[in-house]
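[1] Based on what follows, work out the 3D shape:
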Amino acid sequence: MALDEALLQSVADGKSPPILRLYRWQPATVTLGYAQSVADDINLTACRDAKLDVVRRMTGGRAVLHDREVTYAVIAPVQQGCFEGSVLDCYRVIAEALQQTLVRLGLTARLVPGTRQGPSRQSDRAVCFTAPSQYELLIDKRKVAGSAQKRQGRGFLQHGSLPIEIDLNLLDKVLPGGQGASLGDRFRKVGWLNRWSVQPLSVDEVEDHLIEAFQKHLDIQWQESEPGAAEMSLAKSLCAEKYGDPNWTFRMD
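    Alright, predicted model coming up:
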C-alpha cells in the first residue's frame, strides 16, 4: 500500500509514466477502505485465527479479502491520454479493459453502470463485492471485480481485484454483518472466475491476459520495470509513518 502511494506521487509529479502494477498477497490479507471502521466492518479475532494480515488502503470502498485472485493497481495522470474524461470515464476505460480480459478467458462478462441505492442492509455493509460501484462487471448477475479510486494532484490510483476463487465461509467470518443470513443470501451477488470457467484458471493465466487486454485497449506498450530509488525511499517512509502504524490501520472511527 505504501508503494502504491509512492508511485501515485511519482506519476502525479510527472516523474513516472502510467503504471499497471500486479501483485499478490502472502499471507492472505484483508484490506480496509480508507474510511472504514475497524469496530464495525472487520472481525479482528477471526482474522488473527485465520492468520490473515490486515491493512488499510488509501483508496475508499469496502473491505476485500485478498487471497486467490489477481490484484491490480492502475496509476496514471488525470486529463491525459486514455484518461482525459471524468472520474466516471476513468472507471469505464479500466472496466472495459477488465471485461476484455474476461472475454479472452472465455467468460461472458457484462459491463453495466453502477446504480445508486439507499443505505445498505447491515448484512451487506462491510463487503466490497456486495456493493454497487461506478461500473460493474457481472457474470450471471454476480459481481466479479471490485475497484476503488483515489485522485491526488495530477494523478489517480485505482485499486482492483479479480477473484479466481473465494472462500465464502472465511469471508463470512472475517467480515461481520451477516447475522441470521445464510451464505447464499448474504453473498448472492458475489462471483469468482472459476465458478464459470470451463477449465480452472490460474493467477498467472489471468495476469497474462490482463496485461494484453490493457495494452490493446489503451493502445499502450508496457515496459516491465522496477520502482526507482526515490519511489522506494518514499514508500519506506510511508510504511514507517503510516501504513505500518497500528493507529492508521486499526483506527476505530
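[2] hey, let's count contacts and neighbours off CA atoms from now on
    Noted.
[3] Please enumerate the helices of the chain.
    Remark: helices assigned in the chain by DSSP state H are 2-12, 38-41, 44-49, 87-104, 168-174, 183-186, 203-218, 229-238, 246-249.
[4] Contacts for the third one next, please.
    Which is helix 44-49. With contact meaning C-alpha atoms under 8 Å, 6 or more residues apart in numbering, helix 44-49 is reached by 53-54, 173-174.
[5] Grab the nearest non-local neighbour of G160.
    Spatially, and ignoring its direct neighbours in sequence, G160 is nearest to S147 (4.1 Å; C-alpha to C-alpha, 6 or more residues apart in numbering).
[6] Just give me the neighbour total for the one you found.
    Using other C-alpha atoms under 10 Å, S147 has 26 other residues around it.
[7] surely it meets L162?
    No: the pair S147 / L162 is not scored as a contact, 9.3 Å apart, by C-alpha atoms under 8 Å.
[8] Under the pLDDT cut-off, which ranges of the stretch 1-150 of the chain? List them.
    Across the stretch 1-150 of the chain, the ranges flagged by pLDDT under 70 are 114-134.
[9] In contact with the residue nearest to L175 when sequence neighbours are not counted, which residues are there?
    Nearest non-adjacent residue to L175, counting by C-alpha to C-alpha, 6+ apart: I42, 4.8 Å away. Counting by C-alpha under 8 Å, 6+ apart, I42 touches 63, 126, 174-176.
[10] Swap in 6 Å and give it another go.
    For I42, the contact set (C-alpha atoms under 6 Å, 6 or more residues apart in numbering) comprises 174-176.
[11] repeat for S202
    S202 neighbours (C-alpha under 6 Å, 6+ apart): none.
[12] And it, its phi and psi?
    The phi/psi pair for S202 (degrees, to the nearest 10) reads phi -110, psi 160.
[13] could you measure it against L105, distance?
    According to C-alpha to C-alpha, to the nearest Å, S202 stands 11 Å off from L105.
[14] Many thanks, have a good one.
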